[in-house]
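# attaching a predicted model along with its sequence, questions to come.
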Amino acid sequence: MARYRGPKQKIARRFREPIFGPSKAVERKAYPPGQHGRSRRSKESEYAVQLKEKQKAKYTYGLLERQFRNLFEKAARKKGITGENLLKFLEARLDNTVFRLGFARTRRQARQLVNHGHIMVNDQVVDIPSYQLRSGDIIAVRPRSRSLEVVRDALGRSRRVYPWLEVDRKAMQGKFLDYPNREDIPENIREQLIVELYSK
């Protein structure tokens, strides 16, 4: 149930990227928050750069430290490139997939839909946002939840299609085809820096 509850625009300004969705604050103030935001030195240590990248990934996907660390260790045990495995596991989370399918406008909203029992996986209600999807899983909005205004509003706005997902907007369901390739993941995260940080 852990998640960040603080001010979103402050975090977006810290990373100078709209990681929580479109942000007017980042456009208006293209410098970090705080009293010394404008005058802060631009030269950062190697550790600071690595830590910043990890924090950005955590805030983007809505995880706190222990959950993120556990997922990293799982990625490190799996064959392949650890950084890419980590991003694949993050993308395979149920809350993230609900967001990618367009059933919610933000990951926070997607997490809430899952928590409140509005989402089904393979015809079973799943209320765990961190649930890891597998190839072929069918994700759908629960029949009695299909009239929800937030879901209809999100589906009306979303038109982006991702190659590792199939979506049927009329039926309000989608399919998780397989883990995505790194080049298909649109998030601006340098995962190698996260691997280097945890390797110290």
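That came through fine. Residues are numbered from 1 along each chain as shown.
# enumerate every residue touching residue 119.
94, 98, 103, 113, 125, 126, 127, 139, 140, 141, 142 (Cβ atoms under 8 Å, 6 or more residues apart in numbering). In this view, the C-beta of every residue, glycine as well, is placed from N, C-alpha and C.
# phi, psi for the closest residue to the fifth one other than its chain neighbours please.
Read it as residue 125. Sequence neighbours aside, residue 117 is the residue nearest to residue 125 in space, at 5.2 Å (criterion: Cβ to Cβ, 6 or more residues apart in numbering). When read as degrees, to the nearest 10, the backbone of residue 117 gives phi 80, psi 30.
# isn't residue 117 right up against residue 128?
No: contact criterion Cβ atoms under 8 Å: residue 117 and residue 128 do not qualify, at 10.6 Å.
# now residue 181: phi and psi?
Torsion angles, degrees, to the nearest 10, at residue 181: phi -80, psi 150.
# list the contacts of it.
Contacts for residue 181 (Cβ under 8 Å, 6+ apart) come out as 163, 164.
# tell me how far the spatially most central residue of the chain lies from residue 68.
Centroid-nearest residue in the chain, with Cα atoms, centre = their mean: residue 61, separated by 3.0 Å. Separation of residue 61 from residue 68 (Cβ to Cβ, to the nearest Å): 8 Å.
# quickly note the distance from the closest residue to residue 177 other than its chain neighbours to residue 64.
Nearest non-adjacent residue to residue 177, counting by Cβ to Cβ, 6+ apart: residue 164, 5.3 Å away. Separation of residue 164 from residue 64 (Cβ to Cβ): 26 Å.
# picking that back up, how about the contacts made by the residue nearest to the centre of the chain?
Residue 61 touches 90, 93, 96, 107, counting by Cβ under 8 Å, 6+ apart.
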